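In: With the sequence up front, the predicted model follows.
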Amino acid sequence: MLTPDKAPIDKDADVLDAIFWNSPLKIRRAIHENGYGFDKIHTHQVPQPPGPGIKLARRRLVITTLGRDVATVKLEFHMRGRDMPGRQSRAWVRFPDVGWKVVSAHVSVTESKAP
């Protein structure tokens with residue numbers, strides 16, 4: 001079973017490849033990466049060593065569905081080793097031939113201190 005929340009923490013490139021839309025139109029913006037297209041994103045993810053990621057604990061999670069085939073996920077989290085909270089958003093689409101895939105993803109850090 002795919003575990004999309006655990007894959008970035010473990011830096012499991014196989015699972016990340018499986019959940020991301022395999023398209024040159026896929027976008028992933030992270031703190032240390034601007035990935036445009038599946039191939040570029042994959043090339044960045046493969047050499048990442050396993051180990052703890054930046055997410056320490058969930059602060060807030062909002063999942064919004066738009067019909068049966070589109071969803072957005074917004075996450076605020078406590079960052080490991082920092083007082084600033086992090087943010088993550090993903091847009092998911094269910095494709096008839098391949099199922100649910102992330103078509104756009106973003107991770108950033110806020111300027112405000114975590115409460």
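Out: Cool, got the structure. Please read these numbers as outputs of a predicted model, since none were measured by experiment.
In: and Pro4, what pLDDT?
Out: Note for Pro4: predicted pLDDT of 50.
In: now Leu56
Out: 74.
In: Can you give the distance of the helix or strand hosting it from its chain's centre?
Out: Assigned by DSSP states H and E, Leu56 belongs to strand 55-66. Chain-centre distance of strand 55-66: 11 Å, with Cα atoms, centre = their mean, to the nearest Å.
In: Identify the bridge partners of Val62.
Out: Beta-bridge pairing for Val62 (DSSP bridges): Lys74.
In: for it, what are its contacts?
Out: Under the criterion of Cβ atoms under 8 Å, 6 or more residues apart in numbering, the neighbours of Val62 are Val73, Lys74, Leu75. Where C-beta positions appear, they are placed from N, C-alpha and C, glycine not excepted.
In: Could you count how many residues lie near the first one?
Out: The reference is to Val73. 17 (other Cβ atoms under 10 Å).
In: tell me the contacts of it?
Out: Per Cβ under 8 Å, 6+ apart, neighbours of Val73: Leu61, Val62, Ile63, Gln88, Ser89, Arg90, Trp92.
In: Save those residues as CSV, and put in pLDDT too.
Out: Shown next, in CSV, are the contacts of Val73 (pLDDT from 0 to 100):
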residue, pLDDT
Leu61, 92
Val62, 95
Ile63, 95
Gln88, 88
Ser89, 91
Arg90, 91
Trp92, 95
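In: Closest to Val109 out of those residues?
Out: Proximity of those to Val109 (Cβ to Cβ) peaks at Gln88, which lies at 10.6 Å.
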